[in-house]
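Colleague: when you get a sec, could you give me coordinates for this:
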Amino acid sequence: MEILLAIAVAVVVAALIYFNRSSKGLDVNNDGKVDGDDVKAAVQNAVEGVKAAADVNKDGKVDAEDAKVVVQKAKTGAKKAATKAKETVKKTAGRKPRARQ
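Modeller: Numbers count the residues shown, from 1 in each chain. Model prediction:
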């Protein structure tokens, strides 16, 4: 996922640089020029953003512990959804079905 995002960002940034070579807004690394180093800086920024989002337990690294947190939250969400579905079934049990129009 990180690699695909990095490639996509690199292509977009490279296209922007090519078509807007004189634009100061694309000088990502603030060195006074728009060049390949700006593409590299933009890709690094994107990858760091992905890593920060993936570090769900906020311990500074993306590892199996983050996966465990995600799995636990998914299980909790699934249990809540199942409970709500059961409650809905109980509430609607015995009701006459609505006629379809």
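
Colleague: contacts for the helix or strand in which residue 15 is found?
Modeller: Take DSSP states H and E as the rule and residue 15 turns out to sit in helix 2-19. With contact meaning Cβ atoms under 8 Å, 6 or more residues apart in numbering, helix 2-19 is reached by 23, 26, 28, 34-35, 38-39, 42-43, 46-47, 50-51. Bear in mind the C-beta positions are built from the backbone N, C-alpha and C, glycine included.

Colleague: in TSV: these, plus pLDDT.
Modeller: Shown next, in TSV, are the contacts of helix 2-19 (pLDDT from 0 to 100):
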residue	pLDDT
23	58
26	73
28	80
34	79
35	83
38	82
39	82
42	83
43	82
46	81
47	81
50	81
51	84
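
Colleague: which pair of those spans the longest distance?
Modeller: By the measure Cβ to Cβ, 23 and 51 form the most distant pair in the contacts of helix 2-19, at 28.1 Å.

Colleague: domains for this protein, by residue range?
Modeller: As recorded under automatic domain parsing, the domains making up the chain are 1-54, 61-94.

Colleague: comparing those domains by mean pLDDT, which bottoms out?
Modeller: With a mean of 77, domain 1-54 has the lowest mean pLDDT of the domains of the chain.

Colleague: thank you kindly, that will do.
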